[in-house]
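for reference, the sequence and a predicted model appear below.
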Amino acid sequence: ASYVVRKVIRVEDSRMWERYIENRCSIQEQRRSHSVDQLRPPCKTVDVVETNSDTFSPLDTSLNEVYLWHGTHVRSALSIAHSDFRIDLSVSSTGTMYGRGCYFAENCTKAEEYARDEPHGYYEGVFALLLCRVVLGKYYYTTKRDEKAGDFVARREFDSTLGDRLKAADTFRESVVYNADQVYPEFVILYSRRPKTIDELSFKFGLSAFQ
């Protein structure tokens, strides 16, 4: 399948942003006397961010601040944009490979695996991805399943987890944070999946409008 973008919503919430900045400053202060290993290879969203500076604000790369994707149910995405992530609900339907936290991917195709529409409802055939600013800080690196990875963060040894399934299984890297204030959901992308058997013009003509 291919994808047709229906709407892009930029989230501008001063309260969420203030909490995010405060948390970023807290991580910066905590890691001031410690080296923070940079992502290797760099996050795949870096090039897009750097070449579209009119859309994306500068990132603090010294703290591994990156843009990452999060896929979820369309109404959940809209709720997150309105009232932030909830750690207690973030993995209720997808498991806890690296503990209970907010899961993100540098590849939108990985995040898209978790996107869900609303069958027989208003958002039937409409899926959602969130493009988020995330401060990974000092990350715990692992190539294996580790449901207790969050314990290292709770003890402040690390700020996040990087699960390298790309190296372990030739799939994707996933990042996990355990504090919702390490994330700012900056964009909501609403889209539909177009089957390969339907040409783009016919597909777009058949789409229903929504607000």
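Arrived safely. Numbering: from 1, shown residues only.

contacts, neighbours, all on C-alpha from now
Will do.

all strands of the chain, in order?
Listed in chain order, the strands of the chain (DSSP state E) span 2-10, 65-72, 102-105, 127-135, 139-142, 160-164, 173-177, 183-194.

want to throw those into TSV with distance to residue 49 and mean neighbour count?
Shown next, in TSV, are the strands of the chain (distance: least, Cα to Cα, whole Å; neighbours: other Cα atoms under 10 Å):
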stretch	distance to residue 49	mean neighbour count
strand 2-10	15	13
strand 65-72	8	24
strand 102-105	15	24
strand 127-135	11	26
strand 139-142	21	18
strand 160-164	21	24
strand 173-177	18	23
strand 183-194	13	21
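
show me where pLDDT drops low in the chain?
Counting by pLDDT under 70, the chain contains low-confidence ranges at 1, 88-95, 168, 196-211.

mind listing what's buried in the longest helix along it?
With DSSP state H setting the assignment, residue counts place helix 14-30 as the longest helix in the chain. In terms of neighbour count (16 or more other Cα atoms under 10 Å), helix 14-30 has its buried residues at 16, 17, 19, 20, 21, 23, 24, 27, 28.

tabulate the residues you listed in a markdown table, adding columns for distance to residue 56.
Formatted as a markdown table, those follow (distance: Cα to Cα, whole Å):
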| residue | distance to residue 56 |
| --- | --- |
| 16 | 17 |
| 17 | 15 |
| 19 | 19 |
| 20 | 16 |
| 21 | 16 |
| 23 | 20 |
| 24 | 17 |
| 27 | 22 |
| 28 | 21 |
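
now, which of the residues you listed sits nearest residue 110?
Among the buried residues of helix 14-30, residue 20 lies closest to residue 110 (Cα to Cα), at 24.6 Å.

my guess is that closest one meets residue 185, correct?
No. With contact defined as Cα atoms under 8 Å, residue 20 does not count as touching residue 185 (10.1 Å).

what are the phi and psi angles of the nearest residue to residue 43 once chain neighbours are set aside?
Computed as Cα to Cα, 6 or more residues apart in numbering, the closest residue to residue 43 that is not its neighbour in sequence is residue 106, at 6.3 Å. Note on residue 106: backbone dihedrals following degrees, to the nearest 10 are phi -80, psi -20.

how many neighbours does residue 106 have?
Using other Cα atoms under 10 Å, residue 106 has 22 other residues around it.

surely it meets residue 44?
Yes. When contacts are counted by Cα under 8 Å, residue 106 is listed as touching residue 44 (5.8 Å).

outside of the longest helix of the chain, which residues touch it?
63, 84, 135, 137, 159, 181, 182, 183, 184 (Cα atoms under 8 Å, 6 or more residues apart in numbering).

got a markdown table for those residues, with distance to residue 166 too?
Shown next, in a markdown table, are these (distance: Cα to Cα, whole Å):
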| residue | distance to residue 166 |
| --- | --- |
| 63 | 22 |
| 84 | 29 |
| 135 | 21 |
| 137 | 20 |
| 159 | 21 |
| 181 | 27 |
| 182 | 24 |
| 183 | 23 |
| 184 | 25 |
